[in-house]
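*Asks:* Next input, structure requested:
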Amino acid sequence: MKGKNMKYSIKQQIALIFIVVMAGTIVLCWTVNNFFLESFYINNKKNVINNAYVSINEATVNGDISSEEFDLQLRKICDMYNISVLVIDAESTTIKSSSRYTEMLIRRLYDNFFDPDPQLEYLEENDKFIIATAMDMVTDTEYLEMWGVLDNGNLFLVRSPLEGIRDSVKIANRFLAYVGVAATLLSALIIWFVTTHITKPIMQLKDISEKMTNLDFETKYVSRGQNEIDLLGEHINELSAALESTISELKTANNELKRDIEKKEQIDEMRKEFLSNVSHELKTPIALIQGYAEGLKEGINDDDKESREFYCDVIIDESGKMNNLVRKLLDLNQLEFGNDVVTMERFDIVALIQNFLHSADILISQNDIKLQVEKSEPIYVWSDEFKVEEVVRNFFSNAINHADGDKIIEIKYRLDNETKNKVRISVFNTGEPIPDESLPYIWDKFYKVDKARTREYGGSGVGLSIVKAIMESINQQYGVINYTNGVEFWFELETK
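*Replies:* Residues are numbered from 1 along each chain as shown. So this is what the prediction gives:
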């Protein structure tokens, strides 16, 4: 059998449990009989003798002891319970005797009164009678005896042999042992067949589940709809079908995912290689152009001073833009390669933004921006302070460059109402919303919604890509929301 081997099958376990319980029950009954049945019989015989005494005493008091009706009742009791009864008066005259050995009973009665056997085992004793077990030396038979004085003064003796009780106990125990062995064997046979019938569908389910572990979903359970096992089989069939469908979908998705990953890796590799090459190739010439242009502006004294200064300004301006582009590309390249270390620290995001806005005050004034900052208590967050400041800088620069109409820029803070574990910082600017078709691409490198306007303010199309790389490096959410009167960029940080 494939899979894990079973030490004991459920059929064997059920059969063994039933057999052990049945055999244990029979052994327990036999043990109880063997140790307590004799005492129970003796106690029962004691009650019978007591009842006989009560009947005899009432008959003597009422004067019915010599009646035929009482004789019939007494004979019935004596025959049924194997007892002997003797009643004599003070002159030793026999009033009533149920045995033909009356003289022997009289002697036994007198011996009990006047010369009791020291080996008597007294069971009950009061002022009217005594009950004890005694051994008759003549017949070597043990008896249960009651003797005493009736209410009218007559003496009485009631006795019953105990050997019959012991024989009955032995026979009962022997019979119980025979019946128990036979019942155990018969029950074992019946239980074996019953458990075979019960466990057959369970074994089928076991085989089906074993095949399912090997991704074989062809075998189905044939349900008869009779009990819980059939219901379990139907659920196994449903589970098998669901697993087969799910695995098929997962394999299809996995295949597509592999293709997408390969494609993405190729594209990312091309982009990274491009950025690395561009950064390396442009950094040195841009630095030289900027240096010579500054030297030209400061050291050249030709006649056409105005033209020289104009060209010098253009060279310096363009070289500055290219140098800024290279710096951003280098930063982005480092973030995407994962070479930049993220330093998690606790700082006040409100204070960070206020300090940044203070340093950008001149830029705000030059662009006639109406700044609206939501007042807030200090909000402490966990993140990389330098990278978060870069995100704020890019969002705010983007807002200034695209602010239009009322030229309002609004900064808000929103704490998570449920958990209080996150804060959302948003930067809103009035102006034209981003076209819907451009929304999926604004985080891509070099993507520009309005190329003419981007060129006008010197945008590189890399700022939002840097934001994306930073937010992914600190594993936090970010996004953009279009409004009819403007655009809102937002990002989240953990507060705990």
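*Asks:* Where does pLDDT dip in this structure?
*Replies:* Within the chain, the ranges that satisfy pLDDT under 70 run 1-11, 138, 164-169, 217, 225-226, 266-267, 270-285, 287-340, 419, 446-461.
*Asks:* Would you map out the domains in it?
*Replies:* Listed domain ranges for the chain are 10-170, 341-494 (source: automatic domain parsing).
*Asks:* what about these, which gets the closest to residue 214?
*Replies:* Nearest of these to residue 214, taken as Cβ to Cβ: domain 10-170 at 22.1 Å. C-beta: built from backbone N, CA, C; applies to glycine.
*Asks:* count of residues packed around the closest residue in space to residue 477 that isn't next to it in sequence?
*Replies:* Distances taken as Cβ to Cβ, 6 or more residues apart in numbering place residue 492 nearest to residue 477, at 4.7 Å, with adjacent residues excluded. Residues near residue 492, counting by other Cβ atoms under 10 Å, number 20.
*Asks:* do the same with residue 65
*Replies:* Neighbours of residue 65 using other Cβ under 10 Å come to 21.
*Asks:* any idea how far residue 91 is from it?
*Replies:* Between residue 65 and residue 91 the distance is 16 Å, computed by Cβ to Cβ, to the nearest Å.
*Asks:* tell me the SS of the residue nearest to residue 477?
*Replies:* Judged by DSSP: H, G, I helix; E, B strand; the rest coil, the three-state class of residue 492 is strand.
*Asks:* can you check residue 404 too?
*Replies:* coil.
*Asks:* List phi and psi for it.
*Replies:* phi -150, psi 180 (degrees, to the nearest 10).
*Asks:* wouldn't it be in contact with residue 431 here?
*Replies:* Yes: counting by Cβ atoms under 8 Å, residue 404 does reach residue 431; the two are 3.6 Å apart.
*Asks:* what about these two, which has more around it?
*Replies:* residue 431 (20 against 13).
*Asks:* For residue 486, see how far away that one is.
*Replies:* Distance from residue 431 to residue 486, by Cβ to Cβ: 5 Å.
*Asks:* Residue 208 too?
*Replies:* In terms of Cβ to Cβ, residue 208 sits 62 Å off from residue 486.
*Asks:* And for residue 95?
*Replies:* 130 Å.
*Asks:* got it, and residue 218?
*Replies:* Separation of residue 218 from residue 486 (Cβ to Cβ): 61 Å.
*Asks:* what's the answer for residue 360, then?
*Replies:* 19 Å.
*Asks:* Then residue 362?
*Replies:* 23 Å.
*Asks:* which of those two has more neighbours?
*Replies:* residue 486 (23 against 8).
*Asks:* and the closest residue to the more buried one other than its chain neighbours, what are its phi and psi?
*Replies:* The spatially closest residue to residue 486, leaving aside those adjacent along the chain, is residue 430, at 4.2 Å (Cβ to Cβ, 6+ apart). As for residue 430, its main-chain torsions (degrees, to the nearest 10) stand at phi -70, psi 150.
*Asks:* wait, isn't residue 430 in contact with residue 400?
*Replies:* No: counting by Cβ under 8 Å, residue 430 does not reach residue 400; the two are 11.7 Å apart.
*Asks:* shared neighbours of the two, anything?
*Replies:* Both residue 430 and residue 400 are in contact with residue 409, where contact means Cβ atoms under 8 Å, 6 or more residues apart in numbering.
*Asks:* With adjacent residues omitted, what lies nearest to residue 247?
*Replies:* Distances taken as Cβ to Cβ, 6+ apart put residue 215 closest to residue 247, at 6.8 Å, once the chain neighbours are dropped.
*Asks:* The one you found looks like it's in a strand, true?
*Replies:* No: read with three-state DSSP, residue 215 is coil and lies in no strand.
*Asks:* For burial, what's the neighbour tally of it?
*Replies:* 9.
*Asks:* right, and it touches residue 248 too?
*Replies:* No: here residue 215 lies out of contact with residue 248, judged by Cβ under 8 Å, at a distance of 10.7 Å.
*Asks:* okay, and the common contacts of the two?
*Replies:* What both residue 215 and residue 248 touch, as defined by Cβ under 8 Å, 6+ apart, is an empty set.
*Asks:* show me what contacts residue 223?
*Replies:* 230, 231, 233, 234, 237.
*Asks:* which of the residues you listed tops the neighbour count?
*Replies:* Busiest of the contacts of residue 223 [other Cβ under 10 Å] is residue 233, holding 21 neighbours.
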